[in-house]
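Peer 1: Let me see the structure of the following:
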Amino acid sequence: MTIKLIINGKVQAVSADPDMPLLWALRDLLGMTGTKFGCGAAFCGACTVHLNGEPIRACQTPVGSIGAGRITTIEGLSADPLGKRLQDAWVALDVPQCGYCQAGQLMAAAALLHSTPRPDDDEIDAAMAGNLCRCATYPRIRAAIKQAAGERA
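Peer 2: As a prediction, the model looks like this:
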């Protein structure tokens, strides 16, 4: 079945079963490998993308459920000025260690800053709680979010 998806502002057609997880449509069918597979059960956050501005887990979201929703992936994050500020803060503060989880971390952080432009530590912790980092870069992630929000890290 051909399914049309709006990804990073462009219409993309994929030939997929409607039950296929969005993650596999992005990675395997469209070659957009920035979104990572972590646990496959929506626990780790590595596959976080935005659907209509809200963070979702691509590993558990069937492509057939998206309809006319607008998807933003890590590949499209820099088109948003806030996303670009976050990416710049990530680099400036040397956030990634191994880097595997960072696409999901950035997508969760972008959703947080869109809904809460100046989050405090508790709001950051709550918003980022579902995104795991095996390298434990959490203090640098928090500092980068604050920097992107215009606060002192």
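Peer 1: what about the strands in this structure?
Peer 2: Using DSSP state E, the strands found in the chain span residues 2-7, 10-15, 48-51, 54-57, 70-72.
Peer 1: Just give me how far stretch 114-126 sits from the chain centre.
Peer 2: The chain centre lies 16 Å from the centre of stretch 114-126; the measure is CA atoms, centre = their mean, to the nearest Å.
Peer 1: Next, the buried residues of that stretch.
Peer 2: Using 16 or more other CB atoms under 10 Å as the test for burial, stretch 114-126 gives Pro119, Ile124. Every C-beta, even on glycine, is put in place using the N, C-alpha and C of the backbone.
Peer 1: coming back round to it: single out the most deeply packed of the strands of the chain.
Peer 2: A comparison of the strands of the chain by mean neighbour count, using mean count of other CB atoms under 10 Å, puts strand 48-51 on top with a mean of 25.
Peer 1: Who are the contact partners of the most centrally placed residue in the chain?
Peer 2: With distances taken as CA atoms, centre = their mean, Met107 lies nearest the centre of the chain, 2.7 Å away. Met107 makes contact with Thr48, Val49, His50, Pro55, Thr72, Thr73, Ile74, Leu77, according to CB atoms under 8 Å, 6 or more residues apart in numbering.
Peer 1: sorry, back to before: need the strands of the chain in TSV with mean pLDDT, can you?
Peer 2: Formatted as TSV, the strands of the chain follow (pLDDT from 0 to 100):
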stretch	mean pLDDT
strand 2-7	98
strand 10-15	97
strand 48-51	98
strand 54-57	98
strand 70-72	98
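Peer 1: Quick one: the helices in the chain, in order.
Peer 2: 22-24, 81-92, 102-115, 121-128, 138-148 (DSSP state H).
Peer 1: show me the contacts for Thr116.
Peer 2: Glu123, Ala127.
Peer 1: Is Ala110 in contact with Lys84, as I believe?
Peer 2: No. The pair Ala110 / Lys84 is not scored as a contact, 9.9 Å apart, by CB atoms under 8 Å.
Peer 1: Nothing else from me, thank you.
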